Each structure stands twice: as structure tokens, then as C-alpha cells.
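Colleague: Any chance you can model this:
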Amino acid sequence: MAHPFLSPGSTDERLHPYLALLARYWAVVLAAAVVGGLAGFGLSQLATPSYTAKSTLYFSINYGASGSDLNQGATYAQSQMLSFAELARSSRVLEPVIDSLDLGTTSAGLASMIDVRTPENTVVLDISANSTDPELAASISNEIAQSLTATVREVAPRGEDNRSTVTVRTVEDAEVPTVPSSPNTRVNTVAGVLLGLLLAILVIVIRRAVDTRVRSSSDLEKASGMPVLARVEGDPAAAEGLVLARDVANPAAEGYRRLRAVLDGIERSRKTGARSIAVTAPVAGQGASTVAANLALAYIESGRNVLLVGSEIATDSVDSDAWPSATVVTLNDVAALFKRQSSNYDVLVFDAGDLASSSSALTIGQLVDNVVLVADASTVHTNEVRDAVRELASAGITPAGSVLTHTSHPRVRLPRVSRSESKLPVLEHNNA
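Modeller: Modelled structure (predicted):
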């Protein structure tokens, strides 16, 4: 069942995964098709043109005069057409052609230059000759037709009057071709385009298969086993200091508002009146600190009094009495903070650091109402997300969901604002 507060995926994610890949890398696919087409066209221009000339023979049987006899004769002739085609490739037929045209080749060599075919259920034989010289192609085809006609008369059975029972007539003499039969520039160009498309698709699919990065909401859901609460455009990890979540012109702001709304909805469904949220990440550089700051600002935008507790948020001064100065965050430290500050603020947002380099997320996560896992679509890998979820689970922590940052939209540089402009109280702690 879909999570009731799950943000809708992008159009790409609603497509089949491989169609989404093609949509994402359409420029690469198009470039490969163009290069393939140009390669096919270029090779066609460089290739030596070949010409094909065709002559056609008609075979009949001199047998009887009645309709029944003629029908039997036609049937017999059809049954012999394959034999006549093989005879056309024999040295008995080709040697006289070689001598007549002074070709300087062997029967096998000449046989490789011709194509003999008989259409099914007919008594017609087509003899096609291929050569780089169009006049020679026509001469070869015509000479083979004449030689085959003479040979058939010699080898065919004879009747009582000593006449050949097989009659061969020339239906069409080969004419000198004016257009090369190969290379076929159009076909080669189309084949190059298709080959380029197939190679590009194959490379993209293989690259995606071996790429373990989490690139989409569906990837993140599969890796974490929990819903994606929101998608944030741009690169939060690249932003410096606090950012203005309520900037209407910034598309990333809507992602933070969505995250706030989803968390509010989850808490209303639980009826816990939750007031504390920890934001963490599998590894460093995922933008967890920026997400925490923007989430706090989004809560302020909704009229709530918020305290942000962070480890990487730049501050001018910190009230030493409000947060203990220690290199390790303990359960007692966090519990003390809750005791002192919970009555002063509507929401407490913790920047809990990343799980790979700090134990703060495990410590804080056991006391807060919700834990949010931040993953950067450009850098985080599936195994890192899975390891983070397992580590949280080992501490008895079940995250409310995840946030996908650095989505596949144009990068958005979030504006910096000072702590006085944001009106956001910030405390700082040192991660273990």
C-alpha cells in the first residue's frame, strides 16, 4: 500500500525504469543515432560501387498436345527448375563464358559473381551477375543465359524424333545497369542509425545495471524499505549556511514545505503531538544539515516556535548553559536538552550528523519522535542506504521516511540568510 503522505514521484519515475533511462539520456541516444547514421552514409560513399544485371529464361517441356499432357509437362518442368539452377553454376556452363569474355578467372570465381534464382512454382530462371563494371555485369549475365540454353539442349532427354524435350527461351536480356546495386546508401544509413540506437541503449542499460547509486525515489524506497517523504531540487550539500525555505521563487522551497506537511500529517495520524525531529544521513555530504535548517525554517513559516540543534550550522555565539560542551553526545545530554527546552518551543529539529562518522544520530534518534534519513541522488549508493537503515534498526530506531536531495532537475543555488534574518534559534553540538 502506498504511504498516505508519500510525495508523488516525477513523470520519469512513473514510466518503466528503462524508459525513464532513455528519457533521461535522450541526448546520448540521439547523438549515437546521428553518429551511426553518418558512419553508415560515409562508409557507403567510400565503398566501391557494384552493379547487377539480370537476364531471364523460360523453360517448357515438349510433351504431347492435349491439355492433360501440357499440364503434366508444366509440372515436370517446375520439378526440374532447381536442377537447371544448379546447372547454371556448373563449370560446363561457366567455362565457355570465361573463354568468350576472357575473364581470367576460374569457374568457382565466376560462380561467386552470379546469383541464380527461380521463383517458386514457376518455370522462370533469373540469372543475375554482379561486377564493378556495369557493362561486364550485363555481358556475363547474357553469356551465361546463352551457355545454359545450349547446355540444356545437350543434356536434356530427347524424344522419339531425337529432339530435346526441353525448350529454353530468353524472356529478357540483361541491360547495362545505370544505378549501382551496392552499396545501398539509404539502407546503410538507416542501419547505422539503428545500430547507433541499439549500442547507446545497451551501454545505458549496462551502466545502469552496474551503477549502485540511488538516483530516484523508487531506488531510495527499494534500498531503504521506507517511503520517500519529499524530494528536494538542487544540491543541498553545496549550500553554505542557512537557506531561506520560504523563498517562493525557489523550487527547492516546495520540497521543504512538503516535508513539513508530511511530518505533520504523520504525527496527526499517530495523535502523539510530536515535537522533535532528527535529520541524519547514511554518509557525509548528503546535505542533512541544510535539510534540517530548512525544515526548521519551514516550521517557522507555519507559525511555530522552533529550536534547531545542529553540529554544522555556523553560529556567532552559543549559550553554553543550553547545550553541554562535550565531544560525545550522550543520552543524558539530549534528555537534559529536552527537559530545558521542550516547554519553550513548539518543535525541536536536530541536525544529527551522518551515521558513518558519528553516533549522534543513534543517540538522538532514540529520544526524538521522528527520524528522517537524507540521501543525495548524485552520490549515495544503495549499500550505504541499507547499512544506515540496519544501523538505525539495531538501535531500535524506525525512521519516518527519507528525503531525496539533488534530484535530476537543474541545480538551484539556495540563497544564504543570516541567523538574524531567519529568526531561527540555533544551538551547536559536537558529534562523536
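
Colleague: residue ranges of the helices in the stretch 151-300 of the chain, please?
Modeller: Residue ranges of the helices in the stretch 151-300 of the chain, as given by DSSP state H, counting those that start in this stretch, are 185-210, 217-224, 251-270, 288-301.

Colleague: Out of these, which is closest to Ser107?
Modeller: Proximity to Ser107 (Cβ to Cβ) singles out helix 185-210 among the helices of the stretch 151-300 of the chain, at 31.3 Å. C-beta here means a position set from N, CA and C on the backbone, and glycine is covered the same way.

Colleague: For that closest one, what does the pLDDT average out to?
Modeller: Helix 185-210 shows a mean pLDDT of 88.

Colleague: and it, how far from the chain's centre?
Modeller: 11 Å (Cα atoms, centre = their mean, to the nearest Å).

Colleague: Figure out which of the helices of the stretch 151-300 of the chain is closest to Ser83.
Modeller: Short answer: helix 185-210, nearest of the helices of the stretch 151-300 of the chain by Cβ to Cβ, at 33.5 Å.

Colleague: Let me know the secondary structure of Gly130.
Modeller: Actually, residue 130 is Asn. It isn't Gly. strand (DSSP: H, G, I helix; E, B strand; the rest coil).

Colleague: and it, how many neighbours?
Modeller: By other Cβ atoms under 10 Å, the residues close to Asn130 number 19.

Colleague: right, and the helices of the stretch 151-300 of the chain - which one's nearest Ala388?
Modeller: Ala388 sits nearest to helix 217-224 of all the helices of the stretch 151-300 of the chain, at 8.0 Å, using Cβ to Cβ.

Colleague: Counting by contacts, list what that closest one packs against.
Modeller: strand 228-232, strand 370-376, helix 382-394, strand 401-405 (3 or more Cβ pairs under 8 Å, 6 or more residues apart in numbering; DSSP states H and E).

Colleague: gap between it and the chain center?
Modeller: The answer for helix 217-224 is 19 Å, by Cα atoms, centre = their mean.

Colleague: Sort out which residues of it are buried, please.
Modeller: Ser217, Ser218, Asp219, Leu220, Glu221, Ala223, Ser224 (16 or more other Cβ atoms under 10 Å).

Colleague: picking that back up, can you add mean neighbour count, mean pLDDT and distance to Thr149 and give the helices and strands packed on helix 217-224 back as JSON lines?
Modeller: Shown next, in JSON lines, are the helices and strands packed on helix 217-224 (neighbours: other Cβ atoms under 10 Å; pLDDT from 0 to 100; distance: least, Cβ to Cβ, whole Å):
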{"stretch": "strand 228-232", "mean neighbour count": "27", "mean pLDDT": "90", "distance to Thr149": "79"}
{"stretch": "strand 370-376", "mean neighbour count": "26", "mean pLDDT": "93", "distance to Thr149": "80"}
{"stretch": "helix 382-394", "mean neighbour count": "17", "mean pLDDT": "92", "distance to Thr149": "74"}
{"stretch": "strand 401-405", "mean neighbour count": "27", "mean pLDDT": "92", "distance to Thr149": "79"}
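
Colleague: With distance to Ser141 added, can I get these in CSV?
Modeller: Converted to CSV, these look like this (distance: least, Cβ to Cβ, whole Å):
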stretch, distance to Ser141
strand 228-232, 69
strand 370-376, 69
helix 382-394, 65
strand 401-405, 69
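
Colleague: mind listing the helices for the stretch 301-432 of the chain?
Modeller: 331-341, 360-365, 382-394, 419-422.

Colleague: and stretch 210-219, which residues are buried?
Modeller: By neighbour count on 16+ other Cβ under 10 Å, the buried set for stretch 210-219 is Arg213, Val214, Arg215, Ser216, Ser217, Ser218, Asp219.

Colleague: which among those gets closest to Val35?
Modeller: Arg215 (25.7 Å).
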